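**Student:** This is the structure alone, sequence omitted:
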Ligand code: FES
Ligand code: FES
């Protein structure tokens, strides 16, 4: 049995018919073809599917689509505005944070969720905010450095919460 649900993705309203088991991640990747949120473990362990839900970082594989009617989702595709990279994207890029890049969208969204809550987040908060994101390549250090650089104002900051 499928049920209607509508919510916003990167500022655009979408209407879906979904089962109670349909996850936000599944809709993003299969129905809207926004594949920035990666499907790693599909059970909440890796963080590669992280998106913002009303400004807070969530793991899209754990969010039943039926539970988010009317709410605002931002995916990594929604971070850049008019072709201008978001400050975290710019920092990750300029500071060479990613290696293979598979985990990078998840790290970007987890970091953005943190900065939406606390633009002055300290080292421990940054480490905590990305603690649910796994990376097999980088050792995390450059990601942390890049987020700290954004907090320090080396890249212009902006809030991304509802498109
Ligand atoms: S795919 Fe969602 S946490 Fe791994
Ligand atoms: S950069 Fe390869 S998994 Fe993180």
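**Tutor:** Received, thanks. Here the structure is a predicted model, which is why all the values come from computation and not from measurement. Ligands and ions are numbered 1, 2, ... in the order given.

**Student:** Checking my notes, residue 156 in a helix, right?
**Tutor:** No: secondary structure of residue 156 (DSSP: H, G, I helix; E, B strand; the rest coil): coil, not part of a helix.

**Student:** Tell me the pLDDT of it.
**Tutor:** pLDDT for residue 156: 77.

**Student:** what residues does this structure put near ligand 1?
**Tutor:** Counting by C-beta under 6 Å from any ligand atom, the residues of the chain close to ligand 1 are 39-42, 44-49, 59, 61. Glycine gets a C-beta too; all of them are placed from N, C-alpha and C.

**Student:** Quick check: residue 81 vs ligand 1, distance?
**Tutor:** Going from residue 81 to ligand 1 by C-beta to the nearest ligand atom, to the nearest Å gives 26 Å.

**Student:** Angles on the backbone of that residue, please.
**Tutor:** With angles defined as degrees, to the nearest 10, residue 81 sits at phi -120, psi 120.

**Student:** Local confidence estimate at it?
**Tutor:** According to the prediction, residue 81 has pLDDT 89.

**Student:** cool, the one 10 residues further on as well?
**Tutor:** Residue-level confidence at residue 91 comes out at 98, pLDDT.

**Student:** I'd assumed it was in a helix, is it?
**Tutor:** Yes: counting by three-state DSSP, residue 91 is part of a helix.

**Student:** does it really touch residue 148, like I thought?
**Tutor:** No: in terms of C-beta atoms under 8 Å, residue 91 does not count as a neighbour of residue 148; the distance is 9.0 Å.

**Student:** The two: which is more packed in?
**Tutor:** Higher neighbour count among residue 91 and residue 148: residue 91, with 25 against 16, using other C-beta atoms under 10 Å.

**Student:** returning to that earlier point: save the residues of the chain next to ligand 1 as JSON lines, and put in distance to residue 14, neighbour count and pLDDT too.
**Tutor:** Putting those into JSON lines (distance: C-beta to C-beta, whole Å; neighbours: other C-beta atoms under 10 Å; pLDDT from 0 to 100) gives the following:
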{"residue": "39", "distance to residue 14": "19", "neighbour count": "17", "pLDDT": "98"}
{"residue": "40", "distance to residue 14": "23", "neighbour count": "19", "pLDDT": "98"}
{"residue": "41", "distance to residue 14": "25", "neighbour count": "14", "pLDDT": "98"}
{"residue": "42", "distance to residue 14": "21", "neighbour count": "16", "pLDDT": "98"}
{"residue": "44", "distance to residue 14": "23", "neighbour count": "12", "pLDDT": "98"}
{"residue": "45", "distance to residue 14": "27", "neighbour count": "13", "pLDDT": "98"}
{"residue": "46", "distance to residue 14": "25", "neighbour count": "22", "pLDDT": "98"}
{"residue": "47", "distance to residue 14": "24", "neighbour count": "24", "pLDDT": "98"}
{"residue": "48", "distance to residue 14": "22", "neighbour count": "25", "pLDDT": "98"}
{"residue": "49", "distance to residue 14": "17", "neighbour count": "29", "pLDDT": "98"}
{"residue": "59", "distance to residue 14": "20", "neighbour count": "28", "pLDDT": "98"}
{"residue": "61", "distance to residue 14": "18", "neighbour count": "25", "pLDDT": "98"}
